[in-house]
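Q: the amino acid sequence is not available; the structure is as follows:
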């Protein structure tokens with residue numbers, strides 16, 4: 001043992017004395033809050049914890065971050081993200097690792113009172129480096145006002161604010177977090193020209209390295225990435241303390257503490273993405289940057305982003321979904337959630353979904369401590385967690401079973417098939433009852449409400465539905481209560497035979513395939529925790545709504561948004577459970593809870609008093625027919641089940657016909673408007689943008705008149721295929737009538753909507769396909785765009801404006817995009 005301890009101590013000491021890897025970082029500017037995360041990671045020991053010895057290099061007038069990194073003078077660097085894209089286009093082997101600012105802090109400031117907007121900058125003197133000019137936000141703002149490079153007098157940046165104050169120059173490239181504060185302190189009047197105010201919202205500083213660094217040192221790069229990200233998140237969570245650190249150790253510009261705090265607050269507002277995550281890089285945003293550079297002439301053709309954006313997937317955010325475990329962890333994962341999480345991860349390029357099976361107590365703690373972003377649990381716990389911790393319901397789950405979705409469930413009360421002494425609820429009294437948990441809705445509460453048993457009954461809680469089933473079959477309990485779909489799943493998995501159990505109080509409901517003893521209640525809830533951003537939950541809901549029609553495995557759970565949970569609230573009130581445990585217990589509650597007992601006692605008293613003799617006679621007769629009736633019921637039930645199954649298949653086909661346009665296989669007008677209305681109200685509720693694109697195939701009547709309707713139908717199919725290939729997963733696409741179509745796009749900025757419309761137009765125009773060996777003339781499309789306005793009361797208000805824009809496009813020559 002002593003030798004083993006000494007060996008362990010030697011290994012620990014050896015590891016602790018390993019030399020740290022020495023690396024360097026080149027900053028994009030002088031020391032200030034703009035680089036706060038790096039200082040924090042160094043001073044708080046985050047780099048040291050990763051065995052890194054990091055040198056942070058301040059910017060000088062001779063600094064060229066990209067060239068320094070590629071030549072090995074520094075291992076990592078910081079530059080403007082859009083500028084880095086041009087370097088990549090120019091065949092420089094640079095790699096973007098992390099966005100330090102999702103929105104560019106770069107602005108232009110003028111003290112010239114004649115300059116009110118970007119157009120006023122024409123033929124003015126501006127302190128702006130070439131890199132500042134190449135910043136895509138700045139470039140787009142100037143281009144949108146018709147200003148060319150040769151119409152500006154650009155001067156090398158002097159870094160001297162007095163040049164602006166004394167109007168030695170007309171404008172200066174600045175940071176929104178720095179110079180405005182300094183000018184306010186000196187009471188200097190100025191005008192800010194911010195690209196974000198003109199709808200141009202692109203990346204600011206980006207951490208980058210070289211392909212060679214990632215190839216030779218992937219673990220070192222990952223360690224540096226993780227420590228740096230931790231430093232930035234800490235800095236923005238402790239702005240005052242971080243400002244004090246910079247003031248004391250990195251204040252080469254002699255800034256005041258107030259100025260550093262101001263800078264920190266301003267930069268924090270620009271640092272996180274719409275879902276609240278730090279460091280994310282999105283290819284869609286870089287594609288928009290590339291489009292602007294292409295129009296401006298900085299690049300001649302599009303550049304592949306493969307290998308450029310976070311190639312080792314450091315920035316992919318983990319989204320944790322807590323699932324109330326129904327049997328055990330491995331079973332919960334294998335049955336559906338793990339496969340569905342993998343599938344969702346493949347659809348979300350910037351998120352990795354992880355399923356975490358939780359019992360009742362662990363679920364509450366995870367919601368309370370923000371350990372998960374989403375929760376999937378029963379209605380009882382969801383309502384209670386909503387009252388305690390602000391859990392927000394976003395959808396109701398629908399289980400997929402035998403080619404159909406079911407969004408309701410209840411309890412199954414059962415015993416062994418050979419338990420001859422237990423046939424009714426009355427026979428259950430005094431018997432051992434197995435249930436899942438006091439918190440289980442289907443595995444206890446619904447069943448106990450149905451049985452109306454006293455609290456002193458022998459209830460044994462066995463933690464899982466599987467344990468309850470096993471206990472009943474083995475005879476350790478007499479009666480079991482489980483959720484209504486558990487038996488069928490266990491039979492399908494070969495874990496039991498249906499002949500082994502006897503259902504008590506069996507009920508049937510139209511289109512409900514499971515054995516059940518109680519009323520139906522709305523199903524499990526998908527909810528977001530209080531710290532989860534609405535943008536992420538809306539995107540997840542939108543994706544799941546679409547996936548509900550295309551299940552990925554036999555245990556797929558779809559979602560819908562239509563169920564009313566007032567029935568669950570009523571049950572909680574009746575049982576005096578949280579949050580209704582303090583509700584007064586009235587005579588109505590007593591009657592409701594013991595209604596069966598009251599009625600049966602009263603009826604029994606009257607019958608015994610007036611018809612006791614007659615009842616005895618009837619009982620003798622009834623026994624003679626009982627066997628015949630049971631046989632008749634079995635035959636009738638078999639026929640009803642066969643008819644019910646046939647009707648369910650027919651209903652499923654009818655629903656598809658009601659929702660899908662038969663020719664183009666996209667949403668028809670009714671279904672599109674239904675989903676678009678849901679998107680509309682979600683966008684209103686969350687104050688997020690929503691755009692409608694109205695599409696009309698140009699001169700489609702000529703195609704029908706010239707080639708016939710059969711060829712016209714093929715043209716419509718090809719058109720829809722090309723449009724669908726262009727859309728995002730979250731976009732809605734439907735046929736409104738004839739050659740008229742609509743797209744509903746949510747959570748997309750103005751430039752994104754315009755880019756999407758233009759991409760659709762180009763894809764349709766560039767599609768050349770022969771149909772039935774005929775060469776069809778080029779098909780083009782006119783597109784009108786409108787954005788949801790605050791005064792819009794319904795989706796039709798937004799569609800009306802997009803139709804107006806469409807008519808404008810058609811009247812202006814067709815094959816173009818117009819917006820009103």
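A: Yes, it's here. Predicted model, so just to flag it, every value in this text is computed and none were measured.
Q: poorly predicted segments of the stretch 451-600 of the chain, please.
A: Scanning the stretch 451-600 of the chain for pLDDT under 70 picks out 454-456, 548-557, 562-563, 583-600.
Q: I'd assumed residue 141 was in contact with residue 292.
A: No: here residue 292 does not reach residue 141: they are 10.4 Å apart, not a contact under CB atoms under 8 Å. Where C-beta positions appear, they are placed from N, C-alpha and C, glycine not excepted.
Q: between these two, tell me which one has more neighbours.
A: Taking neighbours as other CB atoms under 10 Å, residue 292 and residue 141 compare with residue 141 leading, 25 against 21.
Q: so what pLDDT did that one get?
A: Looking at residue 141, its pLDDT is 87.
Q: can you give me the strands for the stretch 401-550 of the chain?
A: Counting by DSSP state E, counting those that start in this stretch, the stretch 401-550 of the chain has strands at residues 405-406, 408-409, 411-416, 433-435, 459-461, 479-483, 501-503, 521-522, 525-528.
Q: name the helices or strands packed onto the last one?
A: The criterion is 3 or more CB pairs under 8 Å, 6 or more residues apart in numbering; DSSP states H and E, and the helices and strands that strand 525-528 contacts are strand 374-377, helix 379-389, strand 392-400, helix 534-547.
Q: which of the strands of the stretch 401-550 of the chain sits most buried?
A: strand 479-483 (a mean of 29; mean count of other CB atoms under 10 Å).
Q: residue 527 bridge partners, please.
A: Beta-bridge partners recorded for residue 527 (DSSP bridges): residue 375, residue 393.
Q: for it, give its distance to residue 338.
A: Relative to residue 338, residue 527 is positioned 20 Å away (CB to CB, to the nearest Å).
Q: kindly report the same for residue 664.
A: 35 Å.
Q: and those two? Which one has more around it.
A: Neighbour count, other CB under 10 Å: between residue 664 and residue 338, residue 664 has more, with 21 against 18.
Q: the more buried one reaches residue 736, doesn't it?
A: No: at 11.4 Å, residue 664 does not count as touching residue 736 under the criterion of CB under 8 Å.
Q: nearest spatial neighbour of residue 767, skipping sequence neighbours?
A: Nearest non-adjacent residue to residue 767, counting by CB to CB, 6 or more residues apart in numbering: residue 722, 5.0 Å away.
Q: checking my notes, the one you found in a helix, right?
A: Yes: Residue 722: assigned to a helix according to DSSP: H, G, I helix; E, B strand; the rest coil.
Q: show me the contacts for it.
A: For residue 722, the contacting residues are 760, 763, 764, 767, by CB atoms under 8 Å, 6 or more residues apart in numbering.
Q: now the residues you listed: which count as buried?
A: 760, 763, 764 (16 or more other CB atoms under 10 Å).
Q: please report how far the closest residue to residue 573 other than its chain neighbours lies from residue 572.
A: Counting by CB to CB, 6+ apart, residue 580 is the residue found nearest to residue 573 once chain neighbours are left out, at 4.4 Å. Remark: distance between residue 580 and residue 572 (CB to CB) = 5 Å.
Q: what about the strands in the stretch 1-150 of the chain?
A: 21-26, 52-57, 76-80, 94-99, 106-110, 125-127.
Q: please identify which of these is closest to residue 707.
A: strand 94-99 (49.1 Å; CB to CB).
Q: which helices and strands does that closest one pack with?
A: Against strand 94-99 (3+ CB pairs under 8 Å, 6+ apart) you get helix 65-70, helix 81-89, strand 205-210, helix 211-216, helix 218-237.
Q: does residue 725 really touch residue 766, like I thought?
A: No: between residue 725 and residue 766 no contact is recorded; they are 11.8 Å apart, counting by CB under 8 Å.
Q: can you get me a residue count around the nearest residue to residue 502 once chain neighbours are set aside?
A: Ranked by CB to CB, 6+ apart and with sequence neighbours excluded, the top spatial neighbour of residue 502 is residue 417, at 4.7 Å. Using other CB under 10 Å, residue 417 has 14 other residues around it.
Q: now do residue 791
A: The tally of other residues near residue 791 (other CB under 10 Å) stands at 6.
Q: pLDDT below threshold where in the stretch 301-450 of the chain?
A: Where the stretch 301-450 of the chain drops to pLDDT under 70, the residues are 326-337.
Q: mind doing that once more with 80?
A: By pLDDT under 80, the weakly predicted segments of the stretch 301-450 of the chain are 302, 313-317, 325-343, 345-350, 399-400, 403-405.
Q: with the stretch 1-150 of the chain instead?
A: Within the stretch 1-150 of the chain, the ranges that satisfy pLDDT under 80 run 1-18, 61, 129-136.
Q: ok, now with 70
A: 1-18, 130-131, 134.
Q: show me the helices in the stretch 151-300 of the chain, by range?
A: 162-165, 179-185, 211-216, 218-237, 239-249, 257-271, 283-296 (DSSP state H, counting those that start in this stretch).
Q: out of these, which comes closest to residue 542?
A: Of all the helices of the stretch 151-300 of the chain, helix 283-296 comes closest under CB to CB, at 15.9 Å.
Q: what angle do the closest one and helix 81-89 make?
A: On the basis of axes from the mean of the first three to the mean of the last three CA atoms, to 10 degrees, helix 283-296 is oriented at 70 degrees to helix 81-89.
Q: who does helix 283-296 touch, helix- and strand-wise?
A: Going by 3+ CB pairs under 8 Å, 6+ apart, helix 283-296 lies up against helix 81-89, helix 136-144, helix 750-765.
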